[in-house]
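1. Sharing a sequence plus its predicted fold:
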Amino acid sequence: MRSVKLKEEFLKLLETDREFRYIIMSHLGLTELIEGHKKIFEELKLLHEGQEKLWENANKLWEEVRSLREGQEKLWEGQNKLWAAHNKLWKEVKHLREGQNRLWKSQEKMRDEFRSWTIQGFSELAKFAGITFEEFVRSFLTKHFREMGLIPADGELKKVVIDGEEINIFLENPLIVGEVTSHAESLEELEKLLKKVELVRGKYGREPMKYLIVLTAPASIADEMRERARKSNIELILGKIS
């Protein structure tokens, strides 16, 4: 009963007492404001927690980026070392090739000098044996080719005439065509050999091995003769260069 009476008095005061009514309204507004502040605080708390998580994630991401950068730097260091090793190896290979080229040139020079001495010796031996230089060369090459296995044991280089053309050195199997001359004043002897090679190629339908043996030749044509022989795949043996 007391609570009912208190309620009635409270309602009556609200209706009749303006100051009391304002106090109550002010109180109610303050409560709502406090509640509102509580809600805002909770939202700010959540925002702060979210921000902290964001910073944590940002730190983790930064650590990963730093780790990736360190890994990339190591990769570049390894790549640079690899390139350095590659360049060093390339330089060594280049030096080896240069040395090999010098060796080949030296060997080629020695081979040419040996051939020159051999051919000049052939000329002297041919005179001593009472045969022509051409016959001696043909006999020597036959023996040499047999020993090297280039021709059969019973194979023999001969002089033949094919379609009116005389060929100093010839063998049908394997097909060999060669010319021997004691002196060459020009490239005419090489041109003669090429014509005979063309004739033999047309007759037998295959490419022959080609040889040109010259006892003496002037220095003015020696280099050109060597170059033409090389391009035509002719084995050129020069004796004395005058």
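-> Yep, that arrived. Numbers count the residues shown, from 1 in each chain.
2. What segments of the protein are helices?
-> Taking DSSP state H, the helices of the chain run over residues 2-16, 18-129, 133-148, 188-204, 219-231.
3. give me the number of residues near Ser182?
-> Ser182: 14 surrounding residues under other Cβ atoms under 10 Å. (Each C-beta comes from the backbone N, C-alpha and C, glycine too.)
4. so how far is Asn168 from it?
-> Distance from Ser182 to Asn168, counting by Cβ to Cβ, to the nearest Å: 12 Å.
5. likewise Lys196?
-> 9 Å.
6. tell me, what's touching those two both at once?
-> Contact with both Lys196 and Asn168 is made by residues Glu179, according to Cβ atoms under 8 Å, 6 or more residues apart in numbering.
7. Extract the residue ranges of this protein that are flagged as low pLDDT.
-> Residue ranges of the chain with pLDDT under 70: 1-15, 17-41, 44, 47, 93, 95-131.
8. ok, 50 please
-> Applying pLDDT under 50 to the chain flags residues 103-104, 106-107, 109-110, 113-114, 117.
9. what bridges to the spatially closest residue to Ile234 that is not a sequence neighbour?
-> In this structure, Ile234 finds its nearest non-sequential neighbour in Lys210, 4.4 Å apart by Cβ to Cβ, 6 or more residues apart in numbering. Judged by DSSP bridges, the bridge partners of Lys210 are Val177, Ile234.
10. Ok, the one 4 residues further on next?
-> Each beta-bridge partner of Val214 is listed here: Thr181, Leu238, as defined by DSSP bridges.
11. Residue numbering should commence at 12 henceforth.
-> Sounds good: first residue 12 from here, last item Val225.
12. ok, it to Trp101 distance?
-> On the measure of Cβ to Cβ, Val225 and Trp101 end up 42 Å apart.
13. Then Trp94?
-> Trp94 sits 10 Å away from Trp101, going by Cβ to Cβ.
14. Enumerate every residue touching Ile245.
-> 201, 204-205, 221-223, 239.
15. neighbour-wise, which of these leads?
-> Compared across those, Leu223 has the highest neighbour count, 26 neighbours, by other Cβ under 10 Å.
16. is it true that that residue touches Arg237?
-> No: Leu223 is not in contact with Arg237 according to Cβ atoms under 8 Å; the separation is 10.5 Å.
17. Check the contact lists of the two and give me the overlap.
-> Here Leu223 and Arg237 share the contacting residues Leu247, scored by Cβ under 8 Å, 6+ apart.
18. show me what contacts Asn68?
-> Contacts of Asn68 (Cβ under 8 Å, 6+ apart): none.
19. Let me fix that, I meant to ask about Thr153.
-> By Cβ under 8 Å, 6+ apart, the contact list for Thr153 reads 162, 166-168.
20. can we see that at 7 Å?
-> The contact partners of Thr153, by Cβ atoms under 7 Å, 6 or more residues apart in numbering, come to 167-168.
21. can you check the one 4 residues further on too?
-> For Arg157, the contacting residues are 164, 166, by Cβ under 7 Å, 6+ apart.
22. Tell me how far it lies from Asn244.
-> Arg157 is 23 Å from Asn244, by Cβ to Cβ.
23. got it, and Leu93?
-> Counting by Cβ to Cβ, the gap from Leu93 to Asn244 is 43 Å.
24. ok, Val225 and Trp101, which is more surrounded?
-> Legend: neighbour count by other Cβ under 10 Å for Val225 and Trp101, higher for Val225 (23 against 10).
25. Report whether the expected contact of the more buried one with Gly250 is present.
-> Yes: judged on Cβ atoms under 7 Å, Val225 makes contact with Gly250 at a distance of 6.4 Å.
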